[in-house]
Every structure is written in structure tokens, then in C-alpha cells.
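Student: predicted model follows, preceded by the sequence.
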Amino acid sequence: MSTTLSRDLDSLADWRRSLDRRIEQFATLLADQDVLDADAAGLATTLRQRLASDRLVLAFVAEFSRGKSELINALFFADTGRRVLPATPGRTTMCPVELAWDPQDTPMLSLLPISTRRGGQPVSALRTRADLWHNRPLPVSDPHALAQVLEEVTRTQRVSLDEARDLGLWNDDHPEDNPPRDEHDEVEVPAWRHALINYPHPLLKRGLVVVDTPGLNAIGAEPELTLGLLPSAHAIVFLLAADTGVTRSDLAIWRDHLGDRSLERFVVLNKIDILNDPLLDSAQIHAQVRHQCSSVAETLGVPSQRVFPLSAREALMARLGADTEGDGGLPALEHALATELLPQRSAVIGRMVEDSVLVLQQRALRRLTDRRRQVTEQLLDLRALRGKSSSKLQLMSRRFESDATAFEQCMPRLAALRAVQSRQLREVLHMLSSDRVRAEIARMQSDSESSFFKLGAGKAFTQLGQRLRTLFDDADKSIEELDQMLAATHRQLNADFGFSLGAAPKPTLDGYRRELQRIEASYSRYFGFTKLWRLSEPGFLSQFLQVLLSRLRVVFESAAVEIELWSKASTSQMESQLRERRRSLQHRREAFTRIQAAEGELEQRISEVEAQDQRLQQTAERIDAAVDQLRILAASPPRHDASADAAPRLSLVHSATGQVSRGAA
């Protein structure tokens, strides 16, 4: 079934594949011309891997029974001919569910038992523990059997109060959040902590990842859901019920977990079909829906264009070919996701590709420039030999030998430079190492636990942020010192030995600082006065810090990798130019030897060197042309056809309420 979102995801996937092919061709061009060293090849490979693994994460969040699973069925699984995810009354998703497609694995439902909460390890640390997961093969060719297998995500179990406390699902200090207990003092808890669905759906194959979250109680019970999954999502779809609007529990979810304005947030006012009232006419029903949308937008503080009234049930029935009128209002939401979310993702990918390709171009052209200068020197020497006597040829040959000896004298200076550079690099990498981040997290934990009822946890978290920012500041200073040292040394080597060394643009840590600020803003809400009670729960602070550590490690390790690659680029260009210069000197000695043996070869040799210079110039032009094409492609992501979807944009409320008004009539 072709929809706005599927068409745009197709275009995005085709564009990424086109970029990948161009990058592969560009790397092949550089390798064929012998200007692709190991580090540059690694950069090209990493870029292609990032393109291949790029994912668009879309999370659905709501209280219980707001219709999340039904909306996911309508958006993504109507082509199976039936409901795939459990969405019937009383059968609600009890654990976070991730739907994605990895072609390296078979279609599978993987379930992590709720008992793994006892170990205190976050789900991210358990993803590679295959022995802990329960796997169920997915019968993708049998929709009925597929739906039966996926009902497993709704399974619960009854446990004693002690076991519920041990799992962190019962809190004596806050009984309002506890599940009801039966006459045996047992409570119902989810059977699974997390579910992964590897399913070969066309949209998932295009790089979409869908996260279906359980209700408020489960969100509060599983810290990683709010600390890891939701902050890493590219967009959030928040569902409300049309008849109730924003309830107190809805508002608690929004404020506590979705208040980060850096998230792309879309609000769905679901189940508008229940507003069908035979005592109201069409205009009154439309006015009621519009009023509810305006009220929701005002309460949540979002633009009214981000509130979408629809009926997931009607939309699913329409797409299943049932006898129903209208489309449930779903195209308007798809239109918004396609036109507002995908272009932003495309821009990020385009900048990533363009920046990496420019680095590859710079390094390749620098090597070509050095080769052309050496070829020019050979031409000058060879042309000067025209009409020279054999004694003068011998004199010039000895001079070349002297030049080669003098060139070898630069080796100790290069070795000293590498030693200093290596020492300074180790200092910078230590500041940004995982061990350093782990030590800072441990210090925060110690400061938090030493305070009364962990009331000092908020201050400890603020101090942690200050220390981490200081690490980036110190790293920036060290990078600046290293960059100045390299620039000065390069200038001296270029002047003394004819190198063409040039320092690559030094890495900037501003992007990592912004990500650190985003993490601070996302997690600081857990240290508000109304949230402090959770920090005293057994194991909560420990798990919170483990998830926080995993996110901080990604930021710091990414920064360290970028700095290390920058340093390696400087080292590799020195080594490559050293090899080029040594090879050039050897060629010059061999040329003079041949010329001495047969003076008639001089003109032939001059012609060969001139042809070599022309080939190098043509290679540089081909590289420039390839880079220009890649930059144009990277800056030209697929554009959404606004005219094709003008109707959903212009008649958002009317398309969503059409079936209600027809029923009222």
C-alpha cells in the first residue's frame, strides 16, 4: 500500500543508496590513483556504514488504552490484511516494543524476561546477551499466526509483594502507583521487560524503527525507556483520547517525559469516532473537534498544526478495505511526518556526507599537489640537461645524491614531532576516555548517596555537568596547543625540506557540548522536588546512572574518535609525503643513470614526465568533478511533493471528522 510516508521513505532510501554508490565510486577513483591511504579508506568505509545503518526512530507514547497499537497497525501493517499488534480491549502492550528490520537476522520476536531487572543492568547492556532473550520465530507469510505470536507482548504474571519490590514494581512509600493486589497478596506484573520485533516490513526495510511504549506505570517503572529510548528518538507521537482531552495522567507523561523541546513532537487526538452524537449536526461535531484540538494545543504548549484528530480504528478499517467511508484522518499525520521530519533527517545526512567528502578531497589533492611539484622539479632538471656534457651530468647526479642524503636528515625531526604529538594526543584522549566519564559518574553517585534521602542528588548532577564541560574545555585548549605546534612544525619542514604539509581543520567540540547540554536538560527533570522520592527507591539511582553513563560514553567516545582521526591524518600525510619524496628521488637517480648511458633518451624522458604531469592534472580535475557531484547530491535530498498532498494539509479537521459527521447525519 502506497502512502505519503512510505513514498517519502522510499525516496529517502533511494537517495541514501545513491549517495552510497557515489561514495563507493569516489573511493575507487582515489584508490586507482593511489591517493587513498589507510586512514582515508577507513573514513570512506565508516561513512558508507553510517549511511547503511542510518535509522529513523519514531516512538509512540500514551497512557493505557489510547490506541497506540491500533495506530501503528493502521500506519504500518495494514498490508497484512489484519491487525498485527494486539490492540483489542483488555489486550494492551505491557513492555516497550521495538520494531525494526535487520537483514542479518531472521524474522523473530525476542523477549527479555522481567526478572533481568534484578541485576540492575540496563537493557542496552543486555542486548548482546543472547542467552537472556527468549526468541519466537515470526511466521511472516501467515498473518493470523503472526498476530498470535505477537500477542506475547501482552503477557503478564502474578508475583508476591516481596518479588514485586525486588523487581522495582512496588513502592511502599507511594502506593498510588502500585498495581492492585489480590486476596493472595499477589500483583500482576509484565512477563517481559523489553521486546524486539525483527520484521521484514517494507517501511522497516527503508530504515524506519518504531517504538511502541506501554502506559504511564510502565514508563515510570522502566527508567531506560525515558532515559534511553525516548531521548534517542527522532520524533514522538503522543496519543490522547478525543472524548477526555488532556487528563492529569496524560499531562504527567507530557511534562515528565516529553518536555524536551529538542524532540520533534506530534500530538494525536485519537478515537474521534466516539464523538458521534445523533443529536448534533455536522457543523456542531466539527466545531467540537476543533475546540478539542485548540484546547489540547494550548494545554500542551504546541502549535495547533501539530495536533491531529483522527480515528485509528476507522483508518485501519479503511486500509483493510472494510466497508467504511473516509480515511480516519490518517493522511494528515502521514503528511506531517513526511514533510516536517524527513527533511530534517535528510539535512543531517547531507551535512555528514559533505563534510567527510571534503576531507577526503583535501587529503587526495594534497598528495597530488606534492606529486606535481616533484614532477615539475624533474622537468626543470631534465630540460636543463639539454646540451650538457657527461661531466656535468655526473656533477648533477652527485648533487641529487647529496639532496637525498640531506632529505634523510629530516627523519629525526619527524620522529621527534611524532613523539610530541603522540604524548599530547594521549593527554587529550585521557580527558575524554570512558574511564574518566565512569569516574565522574562514580563521584556523582558517591555524593548523592552520602546525602540525606539522596536530597543532594540534584546538586551532584549539576556538579557532574560542570565537571564534564570542564573536560571539554581542557580538551579544547590541548587541541589548540597541538594544532599550533603542528602548524609551526609543518611550516618549518615545508621550508627546509620542500614538503607540502598542511594541518587539517582542527576538530571542534561544539556539537558534543550541545549534545551534553541536551542530556543535562533531558535528565535534570528527574531531580525536581516532585521526583526526588524515586531516587530513594532501591536500585533506581544505580540504574539511572548506568543509563546516563551509556549515553555520556557515546558523546565522549565520539569526540575522542574524531580527535584521534584528526591526529592520524596529520601523521599519515607526513608519512605518505616522505614515501613520495623518497620514491621521487629514486626515480631521478635512475633517470640520470639512463641518460648517462644513452643521451638520446633525454627527450623521451622529458615527454614521459610531461605526460605524467598532465595525467596528474587530469586526475585532480576528475576528483574535483566527483566531489562537486557528490556535494550537489548531498545538498539535494528528495523533496516532498506538496501539490500531491495539498488536500490533507488544507482539510486536516474535515478529513478527520468526515466519518463522524456522516454518522451524525
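Tutor: Good, I have the coordinates.

Student: with adjacent residues omitted, what lies nearest to residue 372?
Tutor: Spatial nearest neighbour of residue 372, chain neighbours left out: residue 616 (5.0 Å); criterion: CB to CB, 6 or more residues apart in numbering. The way it works is simple: take the backbone N, C-alpha and C, and place the C-beta from them, glycine included.

Student: which residues does the one you found contact?
Tutor: Contact analysis of residue 616 by CB atoms under 8 Å, 6 or more residues apart in numbering lists 368, 371-372, 375.

Student: what helix or strand does it sit in?
Tutor: When secondary structure is defined by DSSP states H and E, residue 616 falls within helix 601-634.

Student: now that helix: buried residues?
Tutor: 602, 605-606, 609, 613, 616, 619-620, 623, 626-627, 630-631, 633-634 (16 or more other CB atoms under 10 Å).

Student: ok, back up a step: just the contacts of residue 616 now: which is nearest residue 477?
Tutor: residue 368 (34.6 Å; CB to CB).

Student: which of the buried residues of helix 601-634 sits closest to residue 128?
Tutor: residue 634 (33.1 Å).

Student: need the contact list for that closest one.
Tutor: Under the criterion of CB under 8 Å, 6+ apart, the neighbours of residue 634 are 19, 349-351, 353-354, 357.

Student: with only the CA atoms kept, save stretch 307-323 in CSV.
Tutor: Taking C-alpha atoms only, stretch 307-323 is exported to CSV below (Å, rounded to 0.1, in the frame of the first residue of the first chain):
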residue,chain,number,x,y,z
VAL,A,307,-2.4,18.3,16.8
PHE,A,308,-4.1,15.7,14.5
PRO,A,309,-7.6,14.5,15.1
LEU,A,310,-8.2,11.0,13.8
SER,A,311,-9.6,7.6,14.4
ALA,A,312,-7.0,4.8,14.2
ARG,A,313,-9.8,2.2,14.1
GLU,A,314,-11.5,3.8,11.2
ALA,A,315,-8.2,4.3,9.4
LEU,A,316,-7.3,0.7,9.8
MET,A,317,-10.7,-0.5,8.6
ALA,A,318,-10.4,1.8,5.5
ARG,A,319,-6.9,0.4,4.7
LEU,A,320,-8.1,-3.1,5.2
GLY,A,321,-10.8,-2.5,2.6
ALA,A,322,-13.7,-2.7,5.0
ASP,A,323,-17.0,-1.1,4.1
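
Student: pull out the buried positions in it.
Tutor: Quick answer for stretch 307-323 (16+ other CB under 10 Å): 307-320.

Student: same check, this time on stretch 336-353
Tutor: Within stretch 336-353, the residues that count as buried by 16+ other CB under 10 Å are 336-339, 341-342, 345-346, 349-350, 352-353.

Student: tell me the average confidence for that stretch?
Tutor: Average pLDDT, stretch 336-353: 82.

Student: residues contacting it, please?
Tutor: The contact list for stretch 336-353 (CB under 8 Å, 6+ apart) reads 4-5, 7-9, 12, 15-16, 19, 23, 47, 50-51, 54, 56, 58, 234-235, 264, 266, 305-306, 308, 630, 634-635, 637-640, 642, 645.

Student: from the residues you listed, which would you call buried?
Tutor: If we count by 16+ other CB under 10 Å, these have these buried: 4-5, 7-9, 12, 15-16, 19, 23, 47, 51, 56, 58, 234-235, 264, 266, 306, 308, 630, 634, 637-638, 640, 645.

Student: in helices only, show me these.
Tutor: 4-5, 7-9, 12, 15-16, 19, 23, 47, 51, 630, 634 (DSSP state H).

Student: make CSV out of the residues you listed and add distance to residue 256 and pLDDT.
Tutor: Formatted as CSV, those follow (distance: CB to CB, whole Å; pLDDT from 0 to 100):
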residue, distance to residue 256, pLDDT
4, 32, 67
5, 29, 73
7, 36, 78
8, 32, 80
9, 31, 79
12, 32, 84
15, 37, 90
16, 35, 87
19, 39, 92
23, 42, 93
47, 38, 87
51, 35, 85
630, 44, 90
634, 39, 88
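
Student: wait, residue 85 sits on residue 212?
Tutor: Yes. Between residue 85 and residue 212 there is a contact at 6.8 Å, judged by CB atoms under 8 Å.

Student: since that was my last question, I'll sign off now.
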